[in-house]
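1. here is a sequence together with a model predicted from it:
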Amino acid sequence: MRIIPALDIIEGKCVRLTKGNYSTKKVYNENPLEVAKEFEAAGIEYLHLVDLDGAKEKHIVNYKILEQIASKTNLKIDFGGGMKTNEDLYIAFNSGAKQITGGSIAVKDPKAFQNWILKYGSQKIILGADSKDGKIAINGWKDNSNEDILPFIRDYQKKGIQYVICTDISKDGMLEGPSFDLYKTIIQENSNASNGQSIKLIASGGVSSVDDLDILKDLGCEGVIIGKALYEGHIQLRDLERYI
């Protein structure tokens, strides 16, 4: 199971939110590159970089931070937040992203999102399937769609998507444990796909301890995104050595 630290950016600074609420913003470091280098020094290979300004503005904003981290570390970065147009993708990939995550666009403009999968390949495009009360949330989690999470993922799995990041928003930043039952159901529902290809589920939200990581691994998650637990010291980087 891949360990993927989260690095969320607002106004060029490393922050964390609770349940996606911008009013809960807490700044952890004013130098995201410094944080990224700490992860790399600990043996981390991957980074989940989120442009929260971009999610709010509905277009890429903090691409210079992406460019800086990509050029000055060897971290493999998946980038999300405000990915709405072909130009956004061009900027993100040109700035050093290895993968991009599309959430709202997959709901609002499925044809465009499917074209991204066809153009860039399923190795480079991640489906962001973030849920609240079983429904897919969009627009930086400010709005709920009418899409139920399980058929939403299943439909895109049939269209060729491989990687899915799923966050239960009610768990995000709460340090109360992930939505194990949700992840178990998603993995079971998509393990016998008609095209013979199971999804690679990346769990996100609520991780509070190394014990949580063990459970997610046993469930079959391909990766796990860790945010506040690292920044608040509930998990130390040295605790992750056996996963790296």
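-> Structure's in. What do you need?
2. residues contacting Lys64?
-> 12, 95 (CB atoms under 8 Å, 6 or more residues apart in numbering). Where C-beta positions appear, they are placed from N, C-alpha and C, glycine not excepted.
3. tell me the buried residues in the helix or strand in which it is found?
-> Following DSSP states H and E, one finds Lys64 within helix 63-72. Buried residues in helix 63-72, counted by 16 or more other CB atoms under 10 Å: 63, 65-70.
4. now, the most widely separated pair of these?
-> For the buried residues of helix 63-72, with distances taken as CB to CB, the pair at the greatest spread is Tyr63 and Ile69 (10.8 Å).
5. setting the sequence-adjacent residues aside, check what's closest to the residue nearest in space to the middle of the chain.
-> Nearest to the geometric centre of the chain sits Ile165, at 5.1 Å (CA atoms, centre = their mean). Leaving aside its chain neighbours, Ile165 sits nearest to Ile202 (4.5 Å; criterion: CB to CB, 6 or more residues apart in numbering).
6. in this structure that neighbour contacts Cys166, no?
-> Yes - at 7.2 Å, Ile202 counts as touching Cys166 under the criterion of CB atoms under 8 Å.
7. looking at this protein, which helix or strand is least sure?
-> In the chain, the helix or strand scored least confidently by mean pLDDT, DSSP states H and E is strand 143-148, which has a mean of 77.
8. list the buried residues of the following helix or strand past that strand.
-> Reading on from strand 143-148 to the C-terminus, the next helix or strand found by DSSP H and E is helix 149-158. Across helix 149-158, burial judged by 16+ other CB under 10 Å covers 149-150, 152-154, 156-157.
9. same for helix 149-158, what does it pack against?
-> helix 104-108, strand 135-138, strand 163-167, helix 180-189 (3 or more CB pairs under 8 Å, 6 or more residues apart in numbering; DSSP states H and E).
10. comparing the ones you listed, which comes out most buried?
-> When the helices and strands packed on helix 149-158 are scored by mean count of other CB atoms under 10 Å, the highest mean neighbour count falls to strand 163-167 (a mean of 24).
11. who does it pair up with?
-> Strand 163-167 sits in its sheet next to strand 125-128 (parallel), strand 200-204 (parallel), going by DSSP bridges.
12. so which of those strands is nearest Asn31?
-> Each of these has some distance to Asn31 by CB to CB; the shortest is strand 200-204, at 23.7 Å.
13. got any ranges where the protein has weak pLDDT?
-> Along the chain, segments meeting pLDDT under 70 span 139-144, 192-197.
14. which stretches of it form helices?
-> 32-41, 52-57, 63-72, 86-94, 104-108, 110-120, 149-158, 180-189, 210-219, 228-231 (DSSP state H).
15. for those helices, which one sits closest to Asp133?
-> So among those, helix 149-158 is nearest, using CB to CB, at 9.7 Å.
16. any idea how far Lys108 lies from Gly205?
-> Distance, Lys108 to Gly205, by CB to CB, to the nearest Å: 22 Å.
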